[in-house]
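Visitor: structure here, sequence nowhere to be found:
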C-alpha cells in the first residue's frame, strides 16, 4: 500500500470497497495495529496509534471480522469474552440484540449448550451472531466490520444485517464491504485499488462520477440478474 490517506469521521459509517487484493483488509488491520506501518501515521481521536498502549487501543474497538474465533465452551461464555465483568442477564441482553436467542433457546441446554471446538456445532450465521453479541457487550466507540454476510443464506443474512444495524447506531464505523448494495447507506465510501485510494465520496457522488465504484455497482447489479437459459 502507498500514499493511502483518508479520515473516518466520528459517528459516521466509512465503507472500504474495491477489488480483491486492493488493500481493504490491510487498512482495517492497521487501524487496530494488528500490523505496524513502515512510514506515515495512523491516528485515533488525534492520537498516534503507535504511541497508545496496545490494550488501551484495543479497548476502543469492537471487531466483527469474517473469521470468528470461538472456544469449546457454552454460548454464554463465548459471548462473555466481550466483557468479563458482566452478569448472565447482561450477556443474554447483548445476545438478544444480536439475534442469538433465535437459535440458542432452541438448543438442548439453551444458553449453556457447549458449542464444540471453534464452534463446530454451529452454522456460519450462528457463529457470526455470537461475534456481534460480543461487540454489543463490549460497547466500544469504534466498530471495525468485515462485512460477513456474503456467503450466508437469505434468512441468516437478514438476521445479521438487522443485528449490525443495531450495533453501529451512534458509533464510528469502518466497514469492509463486498456487496455494493450494503454500502448504499454509508456516509462515505473509500475505493481502494492496487493499494491506493482510487476515489472517495458519498455513494451518490461516486455513482455520478461514473468511476470505479459506479462500475462495481453496475457489475454486481448485472450479476444478480443472471439466469440460466
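Guide: Everything's here; your move. Everything numeric here is computed off the predicted structure, so don't read it as measured data.
Visitor: report the buried residues of stretch 77-88.
Guide: 77-80, 82-83 (16 or more other C-beta atoms under 10 Å). The way it works is simple: take the backbone N, C-alpha and C, and place the C-beta from them, glycine included.
Visitor: for the closest residue to residue 41 other than its chain neighbours, give its distance to residue 191.
Guide: Spatially, and ignoring its direct neighbours in sequence, residue 41 is nearest to residue 48 (5.7 Å; C-beta to C-beta, 6 or more residues apart in numbering). Residue 48 sits 26 Å away from residue 191, going by C-beta to C-beta, to the nearest Å.
Visitor: and for residue 74?
Guide: 42 Å.
Visitor: pick out whichever of these two has more residues nearby.
Guide: residue 191 (25 against 18; other C-beta atoms under 10 Å).
Visitor: for the more buried one, helix, strand, or coil?
Guide: Per DSSP: H, G, I helix; E, B strand; the rest coil, the secondary structure class of residue 191 is strand.
Visitor: what about stretch 184-192, start to end distance?
Guide: With C-alpha to C-alpha, to the nearest Å as the measure, the first residue of stretch 184-192 is 17 Å from its last.
Visitor: apologies, that question was intended for stretch 35-42.
Guide: Start-to-end span of stretch 35-42 (C-alpha to C-alpha) is 12 Å.
Visitor: tell me where the chain has helices.
Guide: 24-31, 54-59, 75-80, 88-97, 101-104, 124-138, 154-167, 203-209, 212-224 (DSSP state H).
Visitor: cheers, nothing more for now.
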